[in-house]
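Colleague: Here you go, sequence then predicted model.
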Amino acid sequence: MRFVDEFREPELIHRTAEEIRRLADPGRHYRLMEICGGHTHSIYRFGLQDILPRNIDLIHGPGCPVCVLPMGRIDDGLSIAEQPDVIFAAFGDMMRVPGTHGSPLEYKARGMDVRIIYSPSDALKLARNNPDKHVLFFAIGFETTAPSTALTLMRAKAEGLRNFSVFCNHVTIIPAIRAILDSPDMRIDAFIGPGHVSTVIGCRPYGWIASQEGKPIVVTGFEPLDILQSIVMLLRQLNQRHCAVENQYKRAVPWEGNSAALRAMAEAFELRPFFEWRGLGFISQSALQIKEGYAEWDAERRFAVPGIRVTDPKASQCGEVLKGMLKPAQCRLFGKECTPERPIGALMVSSEGSCAAYYNYEHRKAQTLTKLASAPVGA
Amino acid sequence: MCLAIPGKIVELMEGDRSLASVDVLGVRRKVDLGLLADERPVTGDWVLIHVGFAMSKISEADALTTLRMLEELGEADAALEEAQGYGLGEAGETGSRAGP
Amino acid sequence: MTSVETKIRFRDPQVEMAHGAGGQASRRLIDGLFAPILFGSRPPPLGDAAHIQINETCVAFTTDSFVVRPLRFPGGSIGELAVNGTVNDLAVSGAKAQALVVSYVLEAGLPTHILEAEVRAMAAAAQTAGVVIAGGDTKVVEHGKADQMYITTSGIGHLIPGLSISPAAVRPGDRILLSGPIGDHGITILLARGDLDLEADLRSDTRPVLPFVEALAEAVGPAVHWMRDPTRGGVATSLNELANDCGLGIVIREELVPVRDPVRGACELLGLDPLHIANEGQFLAVVAAEAAEAALEAVRAVPGGRKAVLIGVISEQPAGAVLVTTPFGGSRIVDMLVGDPLPRIC
């Protein structure tokens, strides 16, 4: 697979891992946070922690749009869809996320018309093909996904397609990073920066992280070599007390971002004054709402939204895990009351949420594995 | 937010210039090029696909540069270690992807 | 002796789609509700077919229901699945299917030509598989139920001499044989539904695996310790079931698992793992190490078996789990799915 397999080449991976071992100061413990859930997924899928030296810790950040979505918003979306002749359309990621009375899939089992879609444009197509129904698109995602929703709203308006609306839960990445850095117990040395969000917003928005917070950040791709190369670049910066934004993912990320995508977002969206993030609390200017010009396609204006607020059980420690203060296994509910099959907290719900990823890929390995016959190279 | 895959444009759609048929290892999907309006990709270009939309054009040149830097890792450092110094490795980059 | 008072351990308040997907939820339903009531203190059947002693003969007996949308897809249709699925369940339990009986639940309003096509498909598949359709039953339900048609087949057969398989026979060091590329069927169905707007040159791999099993039996017989056909839930689910049942670990080398390009492309696009995708014409066998090469050669010599490979090994650790290693030293645990694989965008 072009532009993918070359970045999974074993010999190059060994060499880069060697370089990491050479660069990692044995007297130092490095804490690197990967912000984006997709990086969490890659790290586990490729077992990258296995080939890193023990003094490099990868901390999973809050860049999982499913994980940070408050349960009340799911309840709100589902309550709109409970009205007759409404089709609830959402990405697969949302389907097992529990609301107070069940997940979208469970609502489907009880008779709601729930469709899994791959693209917002598929939701539009559903609306065209079902003129006697209303299609509610439950939109989630950071700036990677928001432009596609924006374009879809623009297309809906241009077509005059009335039986379509968007329940918008798009959030922005910079406030989430700020919330991490503002956290009093934060002990992170550097960031493996979001890759695909950066194809839209570019690399400039991360400038303050290096210049004001003094943390290096490298915009990173998702293949094993991308992540390892990024770690090399971060180690070099840290060792030299250098502090800058760098772009490792040059083949896909333009430094200035994607102006057409940013224009589309500006056309259809504006920032909400504040928005609640599950595990992080209310953050101002951190989420998108649909602009007046597209009010007709804004589910929150078309329908009465209950505005349900659901607080997480006191025992759950999602916030601390999200901010990197606790490892998933350190949460008191992890693996017991809270498992991927019966998630209590958001981080267990999405397959890229820290806890679910850790549980699915690592937890049982840690419990049962003594020593693998084929030991990792070097380490 | 993050799952995006490189695919090759195999056909631009007649009639709707913002739609293209994109191929990933033999799987084809109509992809919306609306976010690349400024760049006007053509058949044969590689694009990064997320939720059925093309997010950016993939630069073959940058991919090769990245890989070459990785290939040179071991060699460069071996040489530098002999000379007892660390290299910086990032000097002298130009172009829209390197930064200010 | 089972008692109607037997307590069940199944806590879910209602049946969900996940309970039929072949993953963890299915297991919970079987272990927690069916097993305590139906099997009581008898150990629940672990294999794909029951082996039942009737006087001096041991017969293998199994049943399976087929529910698929769309009914017809590239490479096959529900009729073929219904024949091959049951023949395969018997085969991987170590038995040669002799006869099937078939039960149709038909939706009122189903066009006759559709029914005819499926019955013809079943007849053809039965002939290819060398099995007789000995009888059947039909029920018709109201329009709106049964998704056009549901087919259940039950099969009976005799044991293949030389084979004696059970999770208890599996030993550390045993090798794992896979008959061919994975994921073809599940991805074909996903694409055929049309919801995702993806096109690919892909076909279901539905076929009887009996010829491979017979070749294995003849070549290495007693060295075959376990077999399964990785249908719903994929290779990952079948291997996890084995790991659970035998208490040992399974280590798979990812680069050895064959996946066709379009399956890989679709999985990358949708964020799916080929190890979790259903197959309808593949089988897994666990074979004693010293017989592994001979086993592989035997399967490869059968038409359609050219792509068989050895993909991994049974080990002490990680006990009860399946570990997949990458070519560069990393590894991950691959678990059973909870329910059906869902495409993701994150």
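Modeller: That came in fine, so what should we check first? Numbering: from 1, shown residues only, chains lettered A, B, ... in the order given.
Colleague: how does the chain divide into domains?
Modeller: Going with chain A. Residue ranges for the domains of chain A, per automatic domain parsing: A:1-313, A:318-362.
Colleague: wait, I meant chain C there
Modeller: Taken from automatic domain parsing, chain C resolves into C:46-159, C:167-333.
Colleague: JSON lines please, covering the ones you listed and showing mean pLDDT and mean neighbour count.
Modeller: Any C-beta I mention is one placed from the backbone N, CA and C, and that applies to glycine too. Shown next, in JSON lines, are those (pLDDT from 0 to 100; neighbours: other C-beta atoms under 10 Å in any protein chain shown):
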{"stretch": "domain C:46-159", "mean pLDDT": "94", "mean neighbour count": "19"}
{"stretch": "domain C:167-333", "mean pLDDT": "96", "mean neighbour count": "21"}
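Colleague: Output those as TSV; include the columns distance to chain A.
Modeller: Below are these laid out as TSV (distance: least, C-beta to the nearest C-beta, whole Å):
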stretch	distance to chain A
domain C:46-159	12
domain C:167-333	2
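Colleague: Residue B:54: which of those domains is closest?
Modeller: domain C:167-333 (13.1 Å; C-beta to C-beta).
Colleague: thinking again about what came up before, closest to residue A:115 out of the domains of chain C?
Modeller: Closest approach to residue A:115 among the domains of chain C (C-beta to C-beta): domain C:167-333, 6.9 Å.
Colleague: how about the domains of chain A, which one is nearest chain C?
Modeller: Checking the domains of chain A against chain C by C-beta to the nearest C-beta gives domain A:1-313 as the closest, at 2.4 Å.
Colleague: does residue C:120 sit in a helix or strand, and which one?
Modeller: Following DSSP states H and E, one finds residue C:120 within helix C:112-129.
Colleague: if we can go back for a sec, of the domains of chain C, which is nearest residue A:276?
Modeller: Among those, the nearest to residue A:276 by C-beta to C-beta is domain C:167-333 (26.9 Å).
Colleague: SS state for residue 62?
Modeller: All of this is about chain A. strand (DSSP: H, G, I helix; E, B strand; the rest coil).
Colleague: I was after chain B.
Modeller: Of the three states, residue B:62 takes helix under three-state DSSP.
Colleague: Quick one: neighbours of it, just the number.
Modeller: 20 (other C-beta atoms under 10 Å in any protein chain shown).
Colleague: I'd say it and residue A:251 touch.
Modeller: Yes. Taking C-beta atoms under 8 Å as the definition, residue B:62 is a contact partner of residue A:251 at 4.2 Å.
Colleague: Distance of residue C:340 relative to residue C:152?
Modeller: Remark: distance between residue C:340 and residue C:152 (C-beta to C-beta, to the nearest Å) = 21 Å.
Colleague: actually residue C:183, not the one I typed
Modeller: From residue C:183 over to residue C:152 the distance is 26 Å, taken as C-beta to C-beta.
Colleague: quick one: contacts for the residue most central in space within chain A?
Modeller: By C-alpha atoms, centre = their mean, chain A has its centre lying nearest to residue A:64, at 2.3 Å. Contact analysis of residue A:64 by C-beta atoms under 8 Å, 6 or more residues apart in numbering or on different chains lists A:37, A:40, A:347, A:350, A:352-354, B:1, C:346.
Colleague: which residue sits closest to it in space, ignoring its chain neighbours?
Modeller: Leaving out its chain neighbours, the residue that sits closest to residue A:64 by C-beta to C-beta, 6 or more residues apart in numbering or on different chains is residue A:37, at 3.4 Å.
Colleague: And residue C:32, by the same measure?
Modeller: Per C-beta to C-beta, 6+ apart, closest to residue C:32 is residue C:10, 3.4 Å.
Colleague: Can you add secondary structure and give the contacts of residue A:64 back as a markdown table?
Modeller: Shown next, in a markdown table, are the contacts of residue A:64 (three-state DSSP):
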| residue | secondary structure |
| --- | --- |
| A:37 | helix |
| A:40 | helix |
| A:347 | helix |
| A:350 | coil |
| A:352 | coil |
| A:353 | coil |
| A:354 | helix |
| B:1 | coil |
| C:346 | coil |
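Colleague: Take those and lay them out in TSV including neighbour count and pLDDT.
Modeller: Converted to TSV, those look like this (neighbours: other C-beta atoms under 10 Å in any protein chain shown; pLDDT from 0 to 100):
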residue	neighbour count	pLDDT
A:37	33	90
A:40	30	91
A:347	34	85
A:350	29	77
A:352	29	73
A:353	30	82
A:354	29	85
B:1	30	59
C:346	30	84
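Colleague: Mind picking the one among these that's closest to residue A:74?
Modeller: Proximity of the contacts of residue A:64 to residue A:74 (C-beta to C-beta) peaks at residue A:350, which lies at 12.2 Å.
Colleague: worst average pLDDT in the domains of chain A?
Modeller: When the domains of chain A are compared on mean pLDDT, domain A:318-362 scores lowest, with a mean of 84.
Colleague: and the residue nearest to residue A:362 when sequence neighbours are not counted, what does it touch?
Modeller: Nearest residue to residue A:362 in three dimensions, chain neighbours excluded: residue A:44, at 6.7 Å (C-beta to C-beta, 6+ apart). By C-beta under 8 Å, 6+ apart, the contact list for residue A:44 reads A:357-358, A:360-362, C:332.
Colleague: quick one: which of those sit in helices?
Modeller: Judged by DSSP state H, helices contain the following of the contacts of residue A:44: residue A:357.
Colleague: Out of the contacts of residue A:44, flag the one nearest to residue A:96.
Modeller: For the contacts of residue A:44, the closest approach to residue A:96 (C-beta to C-beta) belongs to residue A:360, at 13.2 Å.
Colleague: shouldn't the closest one be in contact with residue C:336?
Modeller: No. Judged on C-beta under 8 Å, residue A:360 makes no contact with residue C:336 at a distance of 10.4 Å.
Colleague: and residue C:161, how many neighbours does it have?
Modeller: So residue C:161, with other C-beta under 10 Å, has 11 neighbours.
Colleague: Need the phi and psi values for it.
Modeller: Backbone torsions for residue C:161, taken as degrees, to the nearest 10, come to phi -60, psi 140.
Colleague: For chain C, what is the nearest residue in chain B?
Modeller: As assessed by C-beta to the nearest C-beta, chain C sits closest to residue B:25 within chain B, at 3.1 Å.
Colleague: before we move on, the earlier item: tell me which of the domains of chain C approaches residue A:135 most closely.
Modeller: Proximity to residue A:135, assessed across the domains of chain C by C-beta to C-beta, is greatest for domain C:167-333 (13.3 Å).
Colleague: gap between the two ends of the closest one?
Modeller: 20 Å (C-alpha to C-alpha, to the nearest Å).
Colleague: And for stretch C:325-333?
Modeller: End-to-end distance for stretch C:325-333, by C-alpha to C-alpha: 9 Å.
Colleague: does any part of it sit near chain B?
Modeller: No. Using C-beta under 8 Å from any C-beta of the partner chain, stretch C:325-333 never reaches chain B; the gap is at least 13.0 Å.
Colleague: same deal with stretch C:174-183?
Modeller: No. Taking C-beta under 8 Å from any C-beta as the criterion, stretch C:174-183 and chain B are apart, separated by no less than 12.0 Å.
Colleague: okay, how far is it across that stretch, tip to tip?
Modeller: This stretch, stretch C:174-183, spans 24 Å end to end (C-alpha to C-alpha).
Colleague: do stretch C:37-49 as well
Modeller: End-to-end span of stretch C:37-49 (C-alpha to C-alpha): 19 Å.
Colleague: So which bits of the stretch 101-250 of chain A are right by chain B?
Modeller: Residues of the stretch 101-250 of chain A lying near chain B by C-beta under 8 Å from any C-beta: A:118-122, A:141-142, A:144-145, A:147-148, A:151, A:194-197, A:199-200, A:203, A:222, A:225, A:229, A:232-233, A:236, A:239-240, A:245-248, A:250.
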